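Chemist: sequence unknown, structure follows:
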């Protein structure tokens, strides 16, 4: 991002921070192109094609309808009507489940970190936050849940007895329909639209932009950009997501390859001194320095002294991004071992190099096997004086929200009799979110917390220790704990549950919605109801009626 764009972003955000407080002020956000880069409908279409869930006839007709819409020969209502007829007989539950898969595979990594910051700024002011989108709840709900946005105003397909009828519900949440939906929300919650914000990327939303007191074009298309300049509306454009530039691909490729280069550079040390450990220490620090420099990953570290005062120790960190590896290498630098999923070992060259560096590869699906595989790490701590680096979440999270903790790292600290040092990484996802290949420049905030004394720990009180350390992460991240601590701790200690038949009725389009925890493909026949609902507050869907 250029200095000019940085200045615009800061002043734009500051405008919100300087605004009056109060729930009567609404912060309304379009979805596609505004909160996320690109279009969720495109991701949905490609995923269905890839999964062979569309016939050749459906693909051809869908392309024809989209072409007519893009050339102006068909309105949005015609586009939605064309899509709706292919859905006749499909269960609504299956589409909620499909939306969850779509979020995990495609949409989560498209959320703009700047948009996330804007939403948090409005929340800090006590504003009422809502998504107002022409997309459907199936595309939007998982992202709304991640962003803690309760109100979703969107277009709807007609549903009867849990199945789509092939019709749409009018008016759609498009054009003037968005104004109707926003005014309905304002009436229900005593909002003052004349004091409210609306963020959008499209001229299709000109009616609602003109209706609110604070129109905010965000990533505007050409026509909206012209309208914004005519009306003197402030503009913003984000480049942190979406299609990268050639330099971003070069950064990513060279940063990844620098691991190999760093090891090669350390070989003379190994050859001349005979010390594999010194060679690995040299290559670890060198990799961290080179990779962060190449990607433009600037670290802002507080508590850096805590990295050195309690070694050997167990370093635990929250895992958001593949960038975490280079960040930790730059911070810890020497005398370290780690844990990775077994699939990484099969990665050409890199898997072998990580093994030489002392990484232990575990099967995350087999708790007993994982505990046995990590046993040599206790010896590495006690005998070799190495520190071990572990992500207690077990895998990368889809968003900055902290996931449940597993107990492996805590048992290791107990057995080795060493302290635990939490490393809180705030926004490594800005460099590269989960499932994203490209790495982009970003300033990453890191808090290294004081060491946790484990000398009085016991296996009997382990849940308490896990909860204590996890609460330290939550506090540093500024995330409220919304679920019972014991429920959030560990998955591998839970006995397998039998899959009882769920007798819940399918959701109605106008009701409060909850997303499924299990995922099934879209099917023409009625599927079983979802096994479980999320623990987050449900998203309220409001029709444009």
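Modeler: On my side now, so go ahead. What you see is a predicted model, and the numbers here were worked out from it, not measured in a lab.
Chemist: hey, let's count contacts and neighbours off CA atoms from now on
Modeler: Noted.
Chemist: please enumerate the strands of this structure.
Modeler: 26-29, 128-136, 151-160, 163-169, 197-200, 214-217, 297-302, 314-317, 336-341, 359-362, 387-390, 420-425, 442-448, 540-542 (DSSP state E).
Chemist: and stretch 78-97, what's buried?
Modeler: Of the residues in stretch 78-97, 79-84, 86-97 count as buried by neighbour count, 16 or more other CA atoms under 10 Å.
Chemist: just name the shakiest helix or strand of the protein by mean pLDDT.
Modeler: helix 485-489 (a mean of 44; mean pLDDT, DSSP states H and E).
Chemist: just put the strands of the chain in JSON lines and tack on mean neighbour count.
Modeler: Below are those laid out as JSON lines (neighbours: other CA atoms under 10 Å):
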{"stretch": "strand 26-29", "mean neighbour count": "26"}
{"stretch": "strand 128-136", "mean neighbour count": "24"}
{"stretch": "strand 151-160", "mean neighbour count": "24"}
{"stretch": "strand 163-169", "mean neighbour count": "20"}
{"stretch": "strand 197-200", "mean neighbour count": "26"}
{"stretch": "strand 214-217", "mean neighbour count": "22"}
{"stretch": "strand 297-302", "mean neighbour count": "16"}
{"stretch": "strand 314-317", "mean neighbour count": "25"}
{"stretch": "strand 336-341", "mean neighbour count": "21"}
{"stretch": "strand 359-362", "mean neighbour count": "21"}
{"stretch": "strand 387-390", "mean neighbour count": "24"}
{"stretch": "strand 420-425", "mean neighbour count": "26"}
{"stretch": "strand 442-448", "mean neighbour count": "19"}
{"stretch": "strand 540-542", "mean neighbour count": "22"}
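Chemist: of all those strands, which one is nearest residue 330?
Modeler: Proximity to residue 330 (CA to CA) singles out strand 297-302 among the strands of the chain, at 9.4 Å.
Chemist: now for that closest one, which elements pack on it?
Modeler: Counting contacts by 3 or more CA pairs under 8 Å, 6 or more residues apart in numbering; DSSP states H and E, strand 297-302 packs against strand 442-448.
Chemist: now do the strand it packs on against strand 297-302, angle only.
Modeler: If you take axes from the mean of the first three to the mean of the last three CA atoms, to 10 degrees, strand 442-448 sits at 30 degrees to strand 297-302.
Chemist: run me through the strand neighbours of strand 442-448, direction for each.
Modeler: Its sheet considered, strand 442-448 pairs with strand 297-302 (parallel), strand 420-425 (antiparallel) by DSSP bridges.
Chemist: and the residue positioned nearest the centre of the chain, its phi and psi?
Modeler: Nearest to the mean C-alpha position of the chain, by CA atoms, centre = their mean, lies residue 399 at 2.6 Å. Residue 399 adopts backbone torsions of phi -140, psi 180, taken as degrees, to the nearest 10.
Chemist: pretty sure it contacts residue 427?
Modeler: No - using CA atoms under 8 Å, residue 399 is not in contact with residue 427, being 9.2 Å away.
Chemist: what sits in contact with each of those two?
Modeler: Jointly contacting residue 399 and residue 427 under the rule CA atoms under 8 Å, 6 or more residues apart in numbering are residue 320.
Chemist: what about this protein, any weak spots by pLDDT?
Modeler: 1-11, 46, 49-61, 63, 65-75, 340-358, 360-373, 481-545 (pLDDT under 70).
Chemist: what lies in contact with stretch 172-191?
Modeler: Here stretch 172-191 makes contact (CA under 8 Å, 6+ apart) with 23-26, 76-77, 132-134, 153-156, 171, 192-193, 204-208, 211, 542-545.
Chemist: and the helices in the stretch 1-150 of the chain?
Modeler: Using DSSP state H, counting those that start in this stretch, the helices of the stretch 1-150 of the chain run over 3-17, 40-50, 56-70, 76-85, 92-102, 113-124, 137-146.
Chemist: return the most buried member of these.
Modeler: Ranked by mean neighbour count under mean count of other CA atoms under 10 Å, the helices of the stretch 1-150 of the chain are led by helix 92-102, which reaches a mean of 24.
Chemist: who are the packing partners of that one?
Modeler: Using 3+ CA pairs under 8 Å, 6+ apart: helix 92-102 touches helix 40-50, helix 137-146.
Chemist: returning to what we had before: now tabulate the strands of the chain in JSON lines and tack on distance to residue 234.
Modeler: Below are these laid out as JSON lines (distance: least, CA to CA, whole Å):
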{"stretch": "strand 26-29", "distance to residue 234": "15"}
{"stretch": "strand 128-136", "distance to residue 234": "20"}
{"stretch": "strand 151-160", "distance to residue 234": "24"}
{"stretch": "strand 163-169", "distance to residue 234": "34"}
{"stretch": "strand 197-200", "distance to residue 234": "11"}
{"stretch": "strand 214-217", "distance to residue 234": "6"}
{"stretch": "strand 297-302", "distance to residue 234": "29"}
{"stretch": "strand 314-317", "distance to residue 234": "39"}
{"stretch": "strand 336-341", "distance to residue 234": "46"}
{"stretch": "strand 359-362", "distance to residue 234": "50"}
{"stretch": "strand 387-390", "distance to residue 234": "45"}
{"stretch": "strand 420-425", "distance to residue 234": "32"}
{"stretch": "strand 442-448", "distance to residue 234": "24"}
{"stretch": "strand 540-542", "distance to residue 234": "28"}
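Chemist: report the separation between residue 478 and residue 472.
Modeler: From residue 478 across to residue 472, the span is 10 Å (CA to CA, to the nearest Å).
Chemist: please disregard the earlier target; I meant residue 129.
Modeler: For residue 129 relative to residue 472 (CA to CA), the value is 28 Å.
Chemist: likewise residue 151?
Modeler: Applying CA to CA, the value for residue 151 to residue 472 is 30 Å.
Chemist: now do the contacts for the residue nearest to residue 254 when sequence neighbours are not counted.
Modeler: Nearest non-adjacent residue to residue 254, counting by CA to CA, 6 or more residues apart in numbering: residue 294, 7.2 Å away. Taking CA under 8 Å, 6+ apart, we find residue 294 in contact with 251-252, 254-255.
Chemist: residue 336 now?
Modeler: 358, 386-389.
Chemist: which residues touch the nearest residue to residue 301 once chain neighbours are set aside?
Modeler: Closest residue in space to residue 301, ignoring its immediate chain neighbours: residue 446 at 4.8 Å, by CA to CA, 6+ apart. Contacts here follow CA under 8 Å, 6+ apart; on that basis residue 446 touches 299-302, 423-426.
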